[in-house]
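Enquirer: Requesting a structural model of the entry that follows:
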Amino acid sequence: MTKLQAFANEQMKESVPQFSIGDTVRVHNRIKEGTRERIQMFEGTVIGRHGTGASETFTVRRVAYGCGVEKTFPIHSPNVQGVDVVRVGKVRRAKLYYLRDRVGKAAKVKEQIQ
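Expert: A predicted model of the protein is given here:
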């Protein structure tokens, strides 16, 4: 094992949150403002997951005040405190980029009934 691989394995979290594409999630993100720290929630639909290992990321999209907002979070980042699954979505694609062009009810993902 090289030094780079050892460093990457050291940075990875022990427990990775279980969610998939189309799920509505609430991300607990740690924000630093000067000397203070706080946790800010970002709730939206997961439209993509990228990468593997320590560099794995996921993109969450939501519509706030009529404007679409997307944020990409590293899964193994120490700033991501946790990911809560609010709803489980029923999708047939690996990336939901088509939601960017949809407005209103057409931008919704159906909920998977368990």
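
Enquirer: Check which element follows the longest strand seen in the chain along the chain.
Expert: Across the chain, the longest stretch assigned as strand under DSSP state E is strand 36-50. Sequence order places strand 57-64 as the next helix or strand after strand 36-50, per DSSP states H and E.

Enquirer: Check which residues of that next one are buried.
Expert: Residues of strand 57-64 classed as buried: 58, 59, 60, 61 (neighbour count, 16 or more other C-beta atoms under 10 Å). Using the backbone N, CA and C atoms, a C-beta is placed for each residue, glycine as well.

Enquirer: Let me see the ranges of the helices in the protein.
Expert: Along the chain, the stretches classed as helices by DSSP state H are 3-11.

Enquirer: Show me what the longest strand of the chain is packed against.
Expert: Packing partners of strand 36-50 (3 or more C-beta pairs under 8 Å, 6 or more residues apart in numbering; DSSP states H and E): strand 24-33, strand 57-64, strand 67-74.

Enquirer: what comes up buried for that strand?
Expert: Quick answer for strand 36-50 (16+ other C-beta under 10 Å): 42, 44, 45, 46, 47, 48, 49.

Enquirer: between the residues you listed, which is nearest residue 19?
Expert: Comparing the buried residues of strand 36-50 against residue 19 with C-beta to C-beta places residue 46 closest, at 6.2 Å.

Enquirer: about what we covered before: so which of the buried residues of strand 36-50 is the closest to residue 3?
Expert: When those are compared against residue 3 (criterion: C-beta to C-beta), the nearest one is residue 49, at 27.4 Å.
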